[in-house]
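J.: give me a 3D structure for the following:
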Amino acid sequence: MPESFFVLSKDYLELATDEITALAKMYDRFSKIKIISNLVIVQSKTNWNEISERATFVKISGQILRKMSGLFLDEENAGILKNAKSFVCRVINLSSNQFNIPELENSMGDMISKFSHAKVNLENPDITVYLIFTNNENFFGFSKKTKKRIRTKKTKKFPHELDWKLTRVMINLIGLEKGETVCDPFCGTGTTLLEAESMGIHGIGLDFDEKMCEIAKANIKVNGYNSKVIKSEFQELSKISDRFDGIVTDLPYGTSSKTSEKPQEILKKFFVCIPKRKRVAIMYKKEMDFNSKLKGLKKYHIYRHKSLTRTILIK
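T.: As a prediction, this is how the structure comes out:
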């Protein structure tokens, strides 16, 4: 079965590795996962690029051709360049050893040139060939040129709106698939809805603040999306539960909350009104945490600055 590799950013590494695992299992429940520091190896029938396109914290990704005991290339392995006009070689050193990386990359390029008519292109190659070093295993892999991800646009932002990267990772952690629908009961400027639609997932947003609803609608329109925004309190979730598959939201707090209720009370009431059998990812201020009896929870703590740590909770 094909193997893919994903080199992850070390920012929020636990979130990043769990996101790749969730996506791999979503596409192929028989996927096998191996984690080596910030390198994730996925054995799956799913193409590496399908996972990478949705993932948030992937720095480099591609397909593994084989494990290596040393630097060794032959005509068979160079076959990946058969139809490529250009290539570049890159060494990724995740081991504790020191290497002369430019020299290794040049040596790889010289060897590949013997078996291929492709020319070296450092800026925009058709194929990138990778040699990945870890402390225990080395891997030889490649990736093809892909289109750059286009970021969603916003006509207006808000100081306390949900970070798009954390929004995206929450959607992925609960495994929402294309064609399914996410609901954000505190949708604000519509970040959750925008990220969901960029991945082919439908969106429904609720917000009791009419101004926020109008901003969200404008942001959806400027991207040509179709998510629905409803001016409503979050308690309306139970009435529309048949219209969505999962909930992703950032609980309002501090100056971003215009309700007179304490945030802890909102959090408790929110948990009570969550429809059964729905996948849920919520973010809230860590200080608002309480001992919940809900089962199947996982929490991630996101340090923002000395006076603010956010918690992401997955159900």
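
J.: CA atoms for contacts and neighbours, from now on please.
T.: OK.

J.: ok, which stretches of the stretch 201-315 of the chain are strands?
T.: Using DSSP state E, counting those that start in this stretch, the strands found in the stretch 201-315 of the chain span residues 202-207, 228-231, 246-250, 279-285, 298-305, 308-314.

J.: tell me how far the ends of stretch 38-49 are from each other?
T.: 18 Å (C-alpha to C-alpha, to the nearest Å).

J.: that one: which residues count as buried?
T.: Within stretch 38-49, the residues scored as buried using 16 or more other C-alpha atoms under 10 Å are 38, 39, 40, 41, 42, 43, 44, 46, 47, 48, 49.

J.: what sits against the fourth one?
T.: Put plainly, it is residue 41. The neighbours of residue 41, taking C-alpha atoms under 8 Å, 6 or more residues apart in numbering as the test, are 3, 4, 5, 6, 33, 34, 35.

J.: so it: helix, strand or coil?
T.: strand (DSSP: H, G, I helix; E, B strand; the rest coil).

J.: quick one: it and residue 185, what's the gap?
T.: Using C-alpha to C-alpha, one gets 36 Å for the distance from residue 41 to residue 185.

J.: list the contacts for residue 248?
T.: The contact partners of residue 248, taken as C-alpha under 8 Å, 6+ apart, are 167, 170, 171, 182, 183, 184, 192, 280, 281, 282.

J.: residue 92 contacts residue 128, doesn't it?
T.: No - between residue 92 and residue 128 there is no contact under C-alpha atoms under 8 Å: 11.9 Å.

J.: more neighbours: the two, which one.
T.: residue 128 (21 against 15; other C-alpha atoms under 10 Å).

J.: just to be sure, that one is in a strand?
T.: Yes - counting by three-state DSSP, residue 128 falls inside a strand.

J.: neighbouring contacts of stretch 184-195?
T.: Here stretch 184-195 makes contact (C-alpha under 8 Å, 6+ apart) with 152, 156-158, 161-164, 167-168, 182-183, 202-207, 212-213, 215-217, 219-220, 225, 227, 233-234, 237, 247-252.

J.: among those, name the buried ones.
T.: Buried members of the contacts of stretch 184-195, scored by 16+ other C-alpha under 10 Å, are 161-162, 164, 167-168, 182-183, 202-207, 212-213, 215-217, 219-220, 225, 227, 234, 237, 247-252.

J.: tell me the mean pLDDT over stretch 280-294?
T.: Mean per-residue pLDDT for stretch 280-294: 75.

J.: can you check stretch 201-213 too?
T.: Mean predicted confidence for stretch 201-213 is 96.

J.: got the end-to-end distance for that stretch?
T.: End-to-end distance of stretch 201-213 (C-alpha to C-alpha): 20 Å.

J.: thought residue 300 was touching residue 286?
T.: No - here residue 300 lies out of contact with residue 286, judged by C-alpha under 8 Å, at a distance of 9.8 Å.

J.: quick check: neighbours shared by these two?
T.: Joint contacts of residue 300 and residue 286 (C-alpha under 8 Å, 6+ apart) are residue 311.

J.: what about residue 190, how many neighbours?
T.: So residue 190, with other C-alpha under 10 Å, has 32 neighbours.

J.: please apply the same query to residue 235.
T.: 14.

J.: can I get the CA coordinates of the helix or strand of the chain with the lowest mean pLDDT in CSV?
T.: Scoring the helices and strands of the chain by mean pLDDT, DSSP states H and E places helix 263-273 at the bottom, with a mean of 81. Provided in CSV are the C-alpha atoms of helix 263-273 (Å, rounded to 0.1, in the frame of the first residue of the first chain):
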residue,chain,number,x,y,z
PRO,A,263,-19.0,32.9,30.1
GLN,A,264,-19.0,29.9,32.4
GLU,A,265,-22.8,29.9,32.4
ILE,A,266,-22.9,30.1,28.6
LEU,A,267,-20.5,27.2,28.4
LYS,A,268,-22.7,25.0,30.7
LYS,A,269,-25.9,25.9,28.9
PHE,A,270,-24.2,25.3,25.6
PHE,A,271,-23.3,21.7,26.5
VAL,A,272,-26.8,21.0,27.7
CYS,A,273,-28.3,22.0,24.3
